[in-house]
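I would like the atomic coordinates for the input below:
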Amino acid sequence: MRWAFLSAVVLLGWPGPAAWAERRAVKTKIAALKEPVFCLYARSLHVLRQGHNDVFGRSFTCDLSDDKAVLRHGDTTYTVRSKGKVIEIPVEGGRKLQLRVARTDLPPQWVEAGAEGIRPYWTVWPAEVSVARFGREELSCYDLNVNGEYWEVGADGIVYPGSRYVLPFTGEVIVGSRRFRLERDREGIVATGVETMTGIDGDAAEVAAAIDWNRYRVRAGLPPAFLDKKLSEDCAWHCQYLRLHPNAADPHSETPGLVGYTPEGAAAGRKSCLWAVEDPRTFVRVCLTGLYHKEPLLRPSTRRIGVAARSGWSLLDGLRGQEGGGPQWRRPLCFPGHMQETALTTYEEERPDPIPPGSGAAGASVLLALGTSIKDASAAMWHKVGRRFREIEFHFSTPVQPAQRQIPNNSGCIALFPKKPLKRESTYKVRITYTDHADEKHVYEWIFMTE
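As a prediction, the model looks like this:
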């Protein structure tokens, strides 16, 4: 299954890979947004309550039942049945703001503390998005501040293809191997420049690995990162060191004075995920099916990444390109993301190994990245067979009971590894419950699909 916006947009005469500086207009079109999107740093939808509601700064009185919602705004009454409806709210300048109201299944983390599971709620979100085409890809701008204006830097959000998450619009977007700089002017959106990712010595596999890595990031509700030449070169220096010292006691470190030592390579080695196979695209996938190497690839603050495949080794640096500022992501983060598709079905390998010895083939990890310590945790996972969800067994590793004692905080994550590989083209539901050190109980539940 595939989720996409309804849109038809054409952008003619887009430049090739070479960098350019002249201003070029970007054609956009307004399109319907029929399903809600989620945001990890701001409110992208509003859940209605019985009685008074403040909906995106507008006051409503609501009378809600299972099959009908009656909303009153000023002197106007709107009646909405469970299938949903677009309502129009008068705003400044004689314009009308379109909001979609529908009964939507939402997990507890998008509703309120104390909710126990996914269930339907009357929900409101902006009914339209502005869509622009970059080559073969369509990006949608989400009016996060709900003022009827689009492509406002620092105020609006971007939804990438294949994602159900809103990401900050910073004035730049990364599409495939290119980063575009965008501005608003009186006539619309203008692209003022483009920069293309390049691998070391033009290595296409390193660029392809970065593109794959970003695809997983945006599906987890995290912004894409640009392949940084300096970070990649540092990784390449460490690859060279490992070729010269294949039996090093700690492959993440370098010893000053030994042949091949460089300060740059040593810095990359300390912070990178590394694999003794020269195949960065496969290594991205391997990391994301595990636990200890998965979380470093999924940091919200990462804006620049390094990738190198040299001398029989692959390195991925997702930690040194972190940047402060901007919106703060809400924790925990779940992977795969809610209502997202994943091609990762089978756990491949990892050292140290979070799976008990002799366990046989297992499913790719399901992760809740906490960002805090906890007192206890429990979990359940289901596979949808026909119309029913059937519970499945899994290996469980938490900061309280880690699979590996040498990583006592479990990389700050709660991890589930299904005891059998995930089925293709299937739907799964996960529920994780944990108690923090303030004795507050938290329930996180979400659904994801496999391709």
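
Could you use CA atoms for every contact and neighbour count after this?
Fine.

For residue 414, give me its contacts.
Residue 414 makes contact with 367-370, 377, 396-399, according to CA atoms under 8 Å, 6 or more residues apart in numbering.

From residue 395, how far off is it?
Separation of residue 414 from residue 395 (CA to CA, to the nearest Å) stands at 11 Å.

Same question for residue 166.
32 Å.

of these two, who's got more company?
Taking other CA atoms under 10 Å, residue 166 and residue 395 do not tie; residue 166 has more neighbours (29 against 17).

Give me the sheet partners of whichever helix or strand that one is part of and which way each runs.
Here residue 166 sits within strand 165-168, counting by DSSP states H and E. When pairs are called by DSSP bridges, strand 165-168 turns out to pair with strand 38-39 (parallel), strand 157-159 (antiparallel).

Now do the first one, average pLDDT.
Strand 38-39 carries an average pLDDT of 96.

elements contacting the helix or strand following that strand?
If you walk from strand 38-39 toward the C-terminus, the next helix or strand you reach (DSSP H and E) is strand 46-47. Other elements packing on strand 46-47 under the criterion 3 or more CA pairs under 8 Å, 6 or more residues apart in numbering; DSSP states H and E are strand 119-126.

How far away from the center of its chain is the following helix or strand past the strand it packs on?
Counting by DSSP H and E, the next helix or strand C-terminal to strand 119-126 is strand 128-134. Relative to its chain's centre, strand 128-134 lies at 19 Å (CA atoms, centre = their mean, to the nearest Å).

Then stretch 168-177?
14 Å.

For stretch 35-47, buried residues please.
Neighbour counts over stretch 35-47 (16 or more other CA atoms under 10 Å) mark 36-42, 44-47 as buried.

With stretch 357-366 instead?
Under the neighbour-count criterion of 16+ other CA under 10 Å, stretch 357-366 has 362-366 buried.

send the alpha carbons of that stretch over as CSV?
Only the C-alpha atoms of stretch 357-366 are listed here, as CSV (Å, rounded to 0.1, in the frame of the first residue of the first chain):
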residue,chain,number,x,y,z
PRO,A,357,22.6,-17.1,20.8
GLY,A,358,20.9,-19.9,18.8
SER,A,359,17.6,-17.9,18.4
GLY,A,360,17.5,-18.4,14.6
ALA,A,361,16.1,-15.9,12.1
ALA,A,362,14.4,-12.9,13.8
GLY,A,363,12.5,-9.8,12.6
ALA,A,364,13.9,-6.4,12.2
SER,A,365,14.0,-4.3,15.4
VAL,A,366,11.1,-2.1,16.5
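
Let's test this: mean pLDDT of it, rounded?
Stretch 357-366 shows a mean pLDDT of 95.

Contacts made by that stretch with the rest, please.
For stretch 357-366, contacts defined as CA under 8 Å, 6+ apart pick out 288-291, 334-336, 344-348, 415-422.

swap in stretch 333-344?
Against stretch 333-344 from outside (CA under 8 Å, 6+ apart): 2, 162-164, 219-221, 285, 288-289, 364, 366-370, 446-451.

Sitting in helices, which of those residues do you find?
Here DSSP state H is the test, and those give 219, 285, 288-289 as lying in helices.

Export these to TSV and append columns for pLDDT, distance to residue 259 and neighbour count.
Putting the ones in helices among the contacts of stretch 333-344 into TSV (pLDDT from 0 to 100; distance: CA to CA, whole Å; neighbours: other CA atoms under 10 Å) gives the following:
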residue	pLDDT	distance to residue 259	neighbour count
219	95	42	26
285	97	32	20
288	97	33	26
289	98	35	25
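
So which residues of the stretch 351-451 of the chain form strands?
366-369, 376-385, 388-391, 394-397, 413-418, 427-435, 441-450 (DSSP state E, counting those that start in this stretch).

and these, which is most packed in?
strand 413-418 (a mean of 26; mean count of other CA atoms under 10 Å).

Adjacent strands (with direction) for it?
With DSSP bridges as the test, strand 413-418 is paired with strand 366-369 (antiparallel), strand 394-397 (antiparallel).

These into CSV, with extra columns for distance to residue 178?
Below are the strands paired with strand 413-418 laid out as CSV (distance: least, CA to CA, whole Å):
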stretch, distance to residue 178
strand 366-369, 29
strand 394-397, 38
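
Name all residues that make contact with the residue lying closest to residue 101 once chain neighbours are set aside.
Nearest residue to residue 101, sequence neighbours excluded (CA to CA, 6 or more residues apart in numbering): residue 124, at 4.6 Å. If you count contacts by CA under 8 Å, 6+ apart, residue 124 has them with 45-48, 55, 99-102.

What is the nearest of those to residue 437?
Residue 437 has its nearest neighbour among the contacts of residue 124 in residue 47, at 28.7 Å by CA to CA.

For stretch 165-185, which outside residues touch it?
Stretch 165-185 is contacted from outside by 17, 37-40, 44, 134, 137, 142, 151-160, 189-197, 207, 211, 218-226, 327, using CA under 8 Å, 6+ apart.

distance between the ends of it?
Stretch 165-185: ends 27 Å apart by CA to CA.

gap between that stretch and the chain center?
The answer for stretch 165-185 is 15 Å, by CA atoms, centre = their mean.

If we go by neighbour counts, what in it is buried?
165-170, 172-184.

repeat for stretch 223-240
Residues of stretch 223-240 classed as buried by neighbour count (16+ other CA under 10 Å): 223-229, 231-240.

quick one: the lowest-mean-pLDDT helix or strand in the chain to chain centroid distance?
Lowest on mean pLDDT, DSSP states H and E among the helices and strands of the chain sits strand 24-26, with a mean of 86. Relative to its chain's centre, strand 24-26 lies at 28 Å (CA atoms, centre = their mean).

Quick one: distance of whichever helix or strand comes after that strand to the chain centre.
Remark: after strand 24-26, the chain's next helix or strand is strand 28-32, criterion DSSP H and E. From the chain centre to the centre of strand 28-32 is a distance of 23 Å (CA atoms, centre = their mean).

partners of strand 28-32, with directions?
Applying DSSP bridges, strand 28-32 is found paired with strand 128-134 (antiparallel).

and the strand it pairs with, average pLDDT?
For strand 128-134, the mean pLDDT works out to 94.

Just the CA coordinates for that strand, please, in PDB.
Presented in PDB, the C-alpha positions along strand 128-134 are these (Å, rounded to 0.1, in the frame of the first residue of the first chain):
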ATOM      1  CA  GLU A 128      -5.200  21.600   2.000                       C
ATOM      2  CA  VAL A 129      -1.500  21.700   1.300                       C
ATOM      3  CA  SER A 130       0.700  23.500  -1.300                       C
ATOM      4  CA  VAL A 131       2.500  21.000  -3.500                       C
ATOM      5  CA  ALA A 132       5.700  21.600  -5.500                       C
ATOM      6  CA  ARG A 133       7.500  19.200  -7.900                       C
ATOM      7  CA  PHE A 134      11.300  18.800  -7.800                       C
END
